[in-house]
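# I'd like to go over a predicted model; first the sequence, then the structure.
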Amino acid sequence: MDKREQTIKNMFSEIAESYDQANSVLSLGIHHVWKKKLVKMSGIAMGGKVLDCATGTGDLAIEFKKVVGDSGEVIGTDFCQEMLDVAPAKAKAKNLDIQFRLADASALPFDENQFDVTSISFGIRNVEQREMAIKDMARVTKSGGRVMILEFGQIRTPVIRDFYNFYSHKVLPWLGGVISGKPKAYQYLNDSSQVFPCGQDFADEIMSTGMYEKVSFTPLSFGIAYIYTCIVK
């Protein structure tokens, strides 16, 4: 693990306990709507098998498990144990049986062609070996299956962009700091979102790995975030 990766891991370990509260406050709860939309767009059905990478405290894994039911399987992985420690109790409170395992998205400990859908939400921009992760998610997914990516983007509509930029630069780090006691963590989350490729740029990056037949993308809330639907070869 290199220095940047260790720094990111330490940051998430420090904010793990307040992460859910901060997410709900800072996004006004809209991240739950986005995740539900991703699950619907994935096409997953009852009995399906899903891997959720960078699962954090398990929100997206929980949404998938609601759909695949008892006959399906959902595994959530993350490289930060402190984040994972929060997830099992959340799943149990909803009577959902989900496996949670410590694993890096760029070196997944699974055989090829295992999952109908592999997903990652608000995590790919934090992966140091991003190309490896994009390839490895395809490797463990069945041919014709989908890798679903939810990630922040940049708003292009001028007035809305200016308002959101003020919120993300000034309000978000301050409010995130108040909730978590770690303002630098939320400054990083904002800064990393501002420079991450989005839309066609990121779709082209995914296609350049040679692992996918097709990549499409859907902007959410004027481009605050994007869902990428990636069909595995």
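Ah, there it is. Note that this is a predicted model, so its numbers are computed, not measured. Numbering: from 1, shown residues only.

# report the contact partners of the most centrally placed residue in the chain.
Most central in the chain under C-alpha atoms, centre = their mean is S121, positioned 1.2 Å from the mean C-alpha point. Applying C-beta atoms under 8 Å, 6 or more residues apart in numbering to S121 gives the contacts W34, K35, L38, D52, A54, D59, L60, I149, L150, E151. Every residue, glycine included, has its C-beta placed from N, CA and C.

# from T77, how far out is the fifth one?
In this case it means A54. When distance is defined by C-beta to C-beta, to the nearest Å, A54 is 8 Å away from T77.

# quick check: neighbours shared by the two?
With C-beta under 8 Å, 6+ apart, A54 and T77 have common neighbours A105.

# compare those two (neighbour count), which wins?
A54 (25 against 22; other C-beta atoms under 10 Å).

# now the more buried one: closest residue in space that isn't a chain neighbour?
Residue nearest to A54 in three dimensions, not counting chain neighbours: G123, with 2.6 Å by C-beta to C-beta, 6 or more residues apart in numbering.

# residues near that neighbour, how many?
Neighbour tally, G123, other C-beta under 10 Å: 22.

# I'd assumed T57 was in contact with it.
No: if you go by C-beta atoms under 8 Å, G123 and T57 don't touch, sitting 12.0 Å apart.

# ok, what's across the strand from the residue nearest to the centre of the chain?
L150 (DSSP bridges).

# for D162, see how far away it is.
From S121 to D162 the distance is 27 Å (C-beta to C-beta).
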